[in-house]
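J.: give me a 3D structure for the following:
(one chain, ligands or ions: 1)
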Amino acid sequence: MLKELFIKNDFQRNWMNQLHQQEMVFKSRSIETDEKAKFPKENIQALIDMGFTKLPLPKEYGGENISITDLVLLQETVASFDGATGLAIGWHQSVVGELYEKKLWKEEKLTSFAKEVCSGALVNRAASEAQTGSPTRGGRPGTRAVKKDGKWVITGRKIFTTMSPVLTHFLVTAWIEEKEGMGIFLIEREAVGLSIEETWEVMSMRGTESHDLVLNHVEVTEDHFVEYYQAPRANNVNAWLLHIPACYLGIAQAARDYAVKFASEYSPNSINGTIGQLPNVQSLIGQIDLELMKARHFLYSVAQIYDDEARRPFITNELGAAKHIVTNSSINIVDQAMRIVGAKSLHLSNPLQRYYRDVRAGLHNPPMDDMTITKIAQTALKEMENN
Ligand SMILES: Cc1cc2nc3c(=O)[nH]c(=O)nc-3n(C[C@H](O)[C@H](O)[C@H](O)COP(=O)(O)OP(=O)(O)OC[C@H]3O[C@@H](n4cnc5c(N)ncnc54)[C@H](O)[C@@H]3O)c2cc1C
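T.: You can find the predicted model right below:
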């Protein structure tokens, strides 16, 4: 379904083929990754080696200038092999994509950082904190940056730092009292005072090793101060965040494929043939595919509107809506897939129970459902006022 309908060009086809060469290897590592909450380092290294992690860079910086549609297609494919790998590398792809699309840093810094990305650097934003919760809600970071003897000294603790075992760079948000604003600092892994505390003991996306990042008087020079915001970035339009719904759609696809295969093979002795011939099972398969179509068509439609510069300015709440629709559909799809398979889906050796736990994490990645719904309602009311 995906191949025929959603691959539009040779670039995408080539990348899909390259990724599919890794499919069985990535899948073979998922059980251990999940059971031991162990980061899938080999998967990420394979992606670096094939040039995947530099794809979002513009061509002049050594990348392929991928579109949001490319991002969504490739991310859902990686996530269908292994969810933790998909979400983890998705953060890197989206951070790099947004930085260069919006030119968020000075040119000199963009140029030097692109060289690092081309050499295998991995970056993620470390924004969440225990006291502020999701940064998208606009809370002020408890992490502080203070200027001392010409250097910035950063102290604080971040939670949920996905990909912490392999990140080479952390984009840390910190409150700057003297400016009464929020700074973002690009900090290298080797910085003195930076450490990872292994706190990631969760039921979902265990392999992402999204541990705490501890910053104990980390000193950096001025050129590490890369972004500044007077107000929180709560209303930032960032299409690169579509890597999130793409990830959960990939997991839902994997669950669907497993369940359909099971239905076409499982033959209990109460019937002749397989359970796939039963109306109750066909009803579930039909509903799953209907839900998958709805979710995927919506996601790709929004991605394509964003990729069309003439239509892009008219996007209001579609990005958040795509995340909402796809994530909730994916949760339903995994649930229905488990109903098809029955109690066998509960076995710890069965991938469906992992999909069920992993897909649930989507609810707690940005933007959160209640914020999306509120924004849609507020837009509707505002439009009415302006008419
Ligand atoms: C698998 C995974 C990977 C992640 N990776 C990263 C990462 O790499 N980097 C990173 O920075 N973060 C990351 N996060 C963190 C994520 O972005 C959120 O910050 C985190 O999940 C906390 O969100 P929350 O909604 O539960 O938190 P909170 O904001 O604490 O909200 C908890 C609950 O309180 C309510 N609530 C709180 N504040 C408000 C408010 N102002 N208005 C209305 N209701 C409110 C809501 O009901 C909400 O459900 C990751 C999270 C997950 C699950």
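J.: so where's the chain shaky on pLDDT?
T.: Within the chain, the stretches with pLDDT under 70 are 1-3, 232-235.
J.: enumerate the residues of the stretch 251-387 of the chain near the ligand.
T.: Residues of the stretch 251-387 of the chain lying close to the ligand (C-beta under 6 Å from any ligand atom) are 361, 364-366, 368. Bear in mind the C-beta positions are built from the backbone N, C-alpha and C, glycine included.
J.: and for the residue in the stretch 251-387 of the chain that the ligand sits nearest to, nearest residue in space, chain neighbours not counted?
T.: Closest to the ligand within the stretch 251-387 of the chain is His364: 3.7 Å, counting by C-beta to the nearest ligand atom. In this structure, His364 finds its nearest non-sequential neighbour in Ser134, 7.8 Å apart by C-beta to C-beta, 6 or more residues apart in numbering.
J.: now do the same contact list for the one you found.
T.: 128, 364, 366, 368 (C-beta atoms under 8 Å, 6 or more residues apart in numbering).
J.: check Ile325 too.
T.: Ile325 is in contact with 245, 294-295, 298-299, counting by C-beta under 8 Å, 6+ apart.
J.: repeat for His243
T.: Contact analysis of His243 by C-beta under 8 Å, 6+ apart lists 71-72, 75, 90-91, 93-94.
J.: excluding residues flanking it in the chain, which one is nearest it?
T.: Among residues not flanking His243 along the chain, Gly90 sits closest, at 3.5 Å (C-beta to C-beta, 6+ apart).
J.: close to the ligand, is the helix or strand hosting that neighbour?
T.: Using DSSP states H and E, Gly90 sits in helix 83-101. Yes - judged by C-beta under 6 Å from any ligand atom, helix 83-101 and the ligand are in contact via Trp91.
J.: just the C-alphas of that helix, formatted as CSV.
T.: Output in CSV follows, covering the C-alpha atoms of helix 83-101 (Å, rounded to 0.1, in the frame of the first residue of the first chain):
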residue,chain,number,x,y,z
GLY,A,83,10.0,2.2,17.0
ALA,A,84,12.8,3.3,19.4
THR,A,85,15.2,3.8,16.4
GLY,A,86,12.5,5.7,14.5
LEU,A,87,11.7,8.1,17.3
ALA,A,88,15.4,8.7,18.3
ILE,A,89,16.7,9.4,14.8
GLY,A,90,13.6,11.4,14.1
TRP,A,91,14.6,13.9,16.7
HIS,A,92,18.0,14.4,15.1
GLN,A,93,16.4,14.7,11.6
SER,A,94,13.8,17.2,12.7
VAL,A,95,16.2,19.4,14.7
VAL,A,96,18.6,19.6,11.8
GLY,A,97,15.8,20.1,9.3
GLU,A,98,14.3,23.0,11.3
LEU,A,99,17.6,24.7,12.0
TYR,A,100,18.6,24.9,8.3
GLU,A,101,15.1,25.6,6.9
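J.: with just CA atoms, put the helix or strand just after that helix into CSV.
T.: Remark: after helix 83-101, the chain's next helix or strand is helix 107-118, criterion DSSP H and E. C-alpha atoms of helix 107-118 as CSV (Å, rounded to 0.1, in the frame of the first residue of the first chain):
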residue,chain,number,x,y,z
GLU,A,107,25.7,31.4,9.1
GLU,A,108,29.2,30.6,10.5
LYS,A,109,27.7,28.3,13.1
LEU,A,110,25.4,26.6,10.5
THR,A,111,28.4,26.0,8.3
SER,A,112,30.6,24.5,11.0
PHE,A,113,27.8,22.4,12.5
ALA,A,114,26.9,21.0,9.0
LYS,A,115,30.4,19.7,8.7
GLU,A,116,30.0,17.9,12.0
VAL,A,117,26.6,16.4,10.9
CYS,A,118,28.3,15.2,7.7
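J.: give me the angle between helix 107-118 and helix 83-101.
T.: Helix 107-118 and helix 83-101 are oriented at 150 degrees to each other (axes from the mean of the first three to the mean of the last three C-alpha atoms, to 10 degrees).
J.: so which residues of this structure form strands?
T.: Taking DSSP state E to define them, one finds strands in the chain at 123-126, 144-148, 151-161, 169-176, 181-188, 194-197, 211-220, 225-229.
J.: list the pairing partners of the longest one within its sheet, with orientation.
T.: Take DSSP bridges as the rule and strand 151-161 pairs in its sheet with strand 144-148 (antiparallel), strand 211-220 (antiparallel).
J.: OK, contacts around the residue of the chain found nearest the ligand?
T.: Proximity of the chain to the ligand (C-beta to the nearest ligand atom) peaks at Gly133, 2.3 Å away. By C-beta under 8 Å, 6+ apart, the contact list for Gly133 reads Gly139.
J.: and it, what are its bridge partners?
T.: Glu129.
J.: got it, and Leu171?
T.: On the basis of DSSP bridges, Leu171 is bridged to Arg125, Leu186.
J.: quick one: contacts for it?
T.: Applying C-beta under 8 Å, 6+ apart, one finds that Leu171 lies in contact with 95, 123-127, 184-187, 226-227.
J.: only C-alpha atoms, please: export stretch 285-300 in PDB.
T.: Extracted in PDB, the C-alpha atoms of stretch 285-300 (Å, rounded to 0.1, in the frame of the first residue of the first chain):
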ATOM      1  CA  ILE A 285      -8.900  -6.000   9.500                       C
ATOM      2  CA  GLY A 286     -11.200  -3.800   7.500                       C
ATOM      3  CA  GLN A 287     -11.400  -1.200  10.300                       C
ATOM      4  CA  ILE A 288      -7.700  -1.200  10.800                       C
ATOM      5  CA  ASP A 289      -7.000  -0.600   7.100                       C
ATOM      6  CA  LEU A 290      -9.700   2.100   7.000                       C
ATOM      7  CA  GLU A 291      -8.000   3.800  10.000                       C
ATOM      8  CA  LEU A 292      -4.600   3.500   8.500                       C
ATOM      9  CA  MET A 293      -5.800   5.100   5.200                       C
ATOM     10  CA  LYS A 294      -7.400   8.000   7.100                       C
ATOM     11  CA  ALA A 295      -4.300   8.600   9.100                       C
ATOM     12  CA  ARG A 296      -1.800   8.200   6.300                       C
ATOM     13  CA  HIS A 297      -3.700  10.300   3.800                       C
ATOM     14  CA  PHE A 298      -4.100  13.100   6.300                       C
ATOM     15  CA  LEU A 299      -0.400  13.000   7.300                       C
ATOM     16  CA  TYR A 300       0.900  13.000   3.700                       C
END
